[in-house]
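K.L.:
show me how the following folds:
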Amino acid sequence: MNILFLAPHPFYQDRGTPIAVDLLLRTLCERGYKIDLVTYHEGRTIQYNSVNIHRIFNIPFVRNIRPGFSWKKVICDFFMFFKVFSLALRKPYQVIHAVEESVFIALFLKFLFKIPYIYDMDSSLSQQIVEKYPAWAFLSPLLEFFEKIAVKRSEVVITVCDSLTGFVGKYNPKRLVTLRDVSLLGDVEEENQNCLKRELGIDNNLIVMYVGNLEVYQGIDLLIESFALALKEMDKADLVVIGGAPSDIEKYKSKSSVLGIGDRVHFLGPRPVGVLTNYLSQADILVSPRIKGGNTPMKLYSYLHSGKAVLATDLPTHTQILDRSVAMLSAPIPTEFSKGMLSLMQNSALRLQLGRAGKKLIEEKYSYESFKREFNSLYDWLEARLVREDTAV
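P.N.:
Numbering: from 1, shown residues only. Predicted coordinates:
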């Protein structure tokens with residue numbers, strides 16, 4: 001089967017959606033499919049057995065494209081449309097696998113060339129845009145209308161979490177599949193077990209760790225303010241923040257200094273996914289202070305798999321997979337989040353208990369094998385459906 005795969009983001013980069021796309025491409029390659037991947041001009045090239053990567057025009061004034069809706073993405077999607085259209089004119093495809101907003105390109109191609117498509121829906125575009133730009137709320141009905149059309153004309157809609165599945169269900173898609181993310185952890189390299197404390201010179205202090213981008217919705221303000229409050233009760237801890245753009249790092253370094261904890265908050269910047277296992281293994285508490293959004297953060301699966309205690313905000317973004325038996329859940333306000341943090345700092349038995357329960361949850365329900373099994377089942381169904389339709393014609 002020939003697949004046209006649309007990935008409207010920098011590929012490859014070590015962040016949520018590109019990581020998920022990499023997992024999907026590897027699984028599709030194992031099935032022996034031939035894939036043309038269309039993506040942005042930014043990103044690291046990865047070699048696959050049967051994937052040809054087609055990048056858009058190298059736009060000189062569009063650099064450092066961040067997650068979420070932006071005018072940079074709009075410009076890139078404009079050029080992506082013409083790249084995709086030219087490929088569809090030259091080659092026959094049995095299906096288009098469209099990620100996020102590229103579904104509207106796929107919708108146009110279905111109308112023009114009758115190519116069926118899968119809508120890989122990492123988030124609701126209508127919700128995402130209005131959440132980021134509240135002044136555009138008046139456009140919500142129009143955005144939902146176009147989103148509904150994209151959903152109803154698709155062969156399959158893939159969502160990443162229960163809240164998104166519930167949202168899409170009201171549009172009555174032909175088929176709806178929830179394909180949750182998985183842990184990205186591998187084996188720990190023993191020689192790197194304690195290198196972080198040595199590197200940072202923090203001796204026997206506990207390590208509270210955050211991994212991810214530093215966008216506002218991630219709750220980094222909440223995290224730093226809560227950590228400052230917790231240090232007033234127990235000062236044997238350091239906060240390590242992995243990820244983030246340079247401008248965001250400088251902003252939060254300044255905030256930490258203003259709160260008087262600049263020497264206790266360490267910003268390491270982005271790190272490759274390949275070293276994530278070793279970093280998480282050196283943490284005592286892993287935090288996800290997200291304050292907005294409905295999707296489950298991809299990092300949560302790796303957090304739990306690490307066997308370390310997890311502290312998260314008690315919002316649906318987390319509670320779709322977390323409960324108090326596997327994580328410490330606290331309200332998204334500094335006074336409450338700091339209490340949860342302090343409870344874990346002061347109780348090593350509780351940290352151990354939650355860490356073991358979280359790891360067991362991942363191994364039983366959210367393994368990579370489970371992910372592949374669900375995804376392969378979807379493509380088995382789709383392949384059989386396309387064969388039936390060809391036979392009928």
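
K.L.:
measure residue 4 to residue 387 for me?
P.N.:
Distance of residue 4 to residue 387, given as CB to CB, to the nearest Å: 19 Å. For every residue, glycine as well, the C-beta is placed using N, CA and C.

K.L.:
same question, residue 63
P.N.:
Going from residue 63 to residue 387 by CB to CB gives 44 Å.

K.L.:
thinking again about what came up before, more neighbours: residue 4 and residue 387, which one.
P.N.:
A direct count of neighbours by other CB atoms under 10 Å for residue 4 and residue 387 places residue 4 higher, at 25 against 11.

K.L.:
who's that one bridged to?
P.N.:
With DSSP bridges as the criterion, residue 4 is bridged to residue 36, residue 96.

K.L.:
what does the model give it for pLDDT?
P.N.:
Note on residue 4: pLDDT of 98.

K.L.:
contact partners for it?
P.N.:
35-36, 38, 84, 87-88, 91, 93, 95-97, 115 (CB atoms under 8 Å, 6 or more residues apart in numbering).

K.L.:
just residue 133 next, same as before
P.N.:
residue 69.

K.L.:
now it: how far from residue 69?
P.N.:
For residue 133, the distance to residue 69 - CB to CB - is 8 Å.

K.L.:
wait, residue 331 sits on residue 337?
P.N.:
Yes: using CB atoms under 8 Å, residue 331 is in contact with residue 337, at 6.9 Å.

K.L.:
how about low-confidence regions in the stretch 251-393 of the chain?
P.N.:
Counting by pLDDT under 70, the stretch 251-393 of the chain contains low-confidence ranges at 392-393.

K.L.:
kindly report the same for the stretch 101-250 of the chain.
P.N.:
Checking the stretch 101-250 of the chain against pLDDT under 70 turns up 187-194.

K.L.:
any idea how far apart the tips of stretch 29-49 sit?
P.N.:
Taking CA to CA, to the nearest Å, stretch 29-49 runs 7 Å from one end to the other.

K.L.:
looking at residue 331 and residue 337, which is more packed in?
P.N.:
Regarding residue 331 and residue 337, a neighbour count based on other CB under 10 Å identifies residue 337 as having more, with 29 against 13.

K.L.:
in contact with that one, which residues?
P.N.:
222-223, 226, 289, 311, 313, 330-331.

K.L.:
show me the two of these that sit farthest apart.
P.N.:
Farthest-apart pair in those is 223 and 331; separation 13.7 Å (CB to CB).

K.L.:
surely residue 97 meets residue 2?
P.N.:
No: with contact defined as CB under 8 Å, residue 97 does not reach residue 2; the gap is 11.3 Å.

K.L.:
now the longest helix along the chain: buried residues?
P.N.:
Longest helix in the chain by number of residues, with DSSP state H as the criterion: helix 368-392. Residues 370-372, 375, 378-379, 382, 385 are the ones in helix 368-392 that count as buried (16 or more other CB atoms under 10 Å).

K.L.:
stretch 265-273 too?
P.N.:
Residues of stretch 265-273 classed as buried: 265-268, 273 (neighbour count, 16+ other CB under 10 Å).

K.L.:
which stretches of the chain form strands?
P.N.:
Assigned strands in the chain, in chain order: 2-7, 34-39, 51-55, 95-99, 117-121, 156-159, 176-178, 206-211, 237-242, 265-269, 285-288, 309-313, 328-330 (criterion: DSSP state E).

K.L.:
in a markdown table: the ones you listed, plus distance to residue 354.
P.N.:
Below are the strands of the chain laid out as a markdown table (distance: least, CB to CB, whole Å):
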| stretch | distance to residue 354 |
| --- | --- |
| strand 2-7 | 35 |
| strand 34-39 | 38 |
| strand 51-55 | 40 |
| strand 95-99 | 34 |
| strand 117-121 | 31 |
| strand 156-159 | 27 |
| strand 176-178 | 25 |
| strand 206-211 | 14 |
| strand 237-242 | 17 |
| strand 265-269 | 23 |
| strand 285-288 | 10 |
| strand 309-313 | 4 |
| strand 328-330 | 7 |
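
K.L.:
of all those strands, which lies closest to residue 109?
P.N.:
Using CB to CB, those put strand 95-99 closest to residue 109, at 6.3 Å.

K.L.:
any chance you could map the helices in the stretch 101-250 of the chain?
P.N.:
Counting by DSSP state H, counting those that start in this stretch, the stretch 101-250 of the chain has these helices, from start to end: 103-113, 125-132, 140-153, 162-169, 195-200, 220-231, 246-258.

K.L.:
wait, which of the ones you listed is closest to residue 342?
P.N.:
Set against residue 342 and scored by CB to CB, these come closest in helix 220-231, at 4.7 Å.
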